[in-house]
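> with the sequence up front, the predicted model follows.
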Amino acid sequence: MSSYVDNNLMPNETTIKKGSIHWFTYVPGALLFLIGLISILGSGGVFGLLFLAFGILFLTKSFLYHISTELAVTSKRVVAKFGFIRRNTIELNHKNVESFKVEQTIFGRLFNFGTVFINGTGGVSTPIPHIVAPLDFRKEALVAIEHENA
């Protein structure tokens, strides 16, 4: 599968850092699936089947989100692409980025994932959830922005 970021680089633009989605997005679906499986084995009946079905649904949704999300810092932009069938892209030129904000829950701190909010000119705030090593992603983006502005 070809990369959205690689296919949409401008002339003289290079990829500096690629981000990825953390495996923790699979945890809710895996827990539901496990509860359903245990419930079915313990003669839980309909509730076990419901938990199992919802677990499979959540796991499928997490898988599609994981494989269809691309995050990158290039020498000219910060790029995020979401979606498998329906696509949503965010591309901010370095000169239009005002600030970055990183939010991490307790589990995010323990497992090194979080949400990066990119604040662009005009007050637009763009969240990028469940990113692996959000502080590293923010640092690489800030270094790239500083390098371009120097």
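On my side now, so go ahead. Numbering: from 1, shown residues only.

> all helices of the chain, in order?
Along the chain, counting by DSSP state H, helices occupy 4-7, 27-41, 46-68, 106-111, 134-149.

> show me where this protein dips below the pLDDT cut-off.
For the chain, the stretches flagged by pLDDT under 70 are 1-2, 149-150.

> could you redo the last one with a cut-off of 80?
Within the chain, the ranges that satisfy pLDDT under 80 run 1-2, 43-44, 122-124, 148-150.

> would you map out the domains in it?
Using automatic domain parsing, the domain parsing of the chain gives 13-22+71-149, 25-63.

> adding distance to residue 5 as columns, could you present these in JSON lines?
From N, CA and C alone the C-beta is placed, and that goes for glycine too. Converted to JSON lines, those look like this (distance: least, Cβ to Cβ, whole Å):
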{"stretch": "domain 13-22+71-149", "distance to residue 5": "4"}
{"stretch": "domain 25-63", "distance to residue 5": "20"}
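
> can you list those in JSON lines and add distance to residue 3 and mean neighbour count?
Below are the domains of the chain laid out as JSON lines (distance: least, Cβ to Cβ, whole Å; neighbours: other Cβ atoms under 10 Å):
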{"stretch": "domain 13-22+71-149", "distance to residue 3": "9", "mean neighbour count": "16"}
{"stretch": "domain 25-63", "distance to residue 3": "18", "mean neighbour count": "15"}
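
> so what pairs up with the nearest residue to residue 9 once chain neighbours are set aside in the strands?
The shortest distance from residue 9 to any non-neighbouring residue, by Cβ to Cβ, 6 or more residues apart in numbering, is to residue 74 (6.6 Å). According to DSSP bridges, the partner residues bridging residue 74 are residue 15.

> how far away is residue 74 from residue 97?
Between residue 74 and residue 97 the computed distance is 12 Å (Cβ to Cβ, to the nearest Å).

> ok so, going back, and the residue nearest to residue 9, what does it touch?
In this structure, residue 74 makes contact with 5, 9, 13, 14, 15, 16, 144, judged by Cβ atoms under 8 Å, 6 or more residues apart in numbering.

> just residue 72 next, same as before
Counting by Cβ under 8 Å, 6+ apart, the residues that residue 72 touches are 5, 15, 16, 17, 18, 19, 78, 79, 80.

> and the furthest pair within those residues?
Taking Cβ to Cβ, the two most distant members of the contacts of residue 72 are 16 and 80; they sit 14.4 Å apart.
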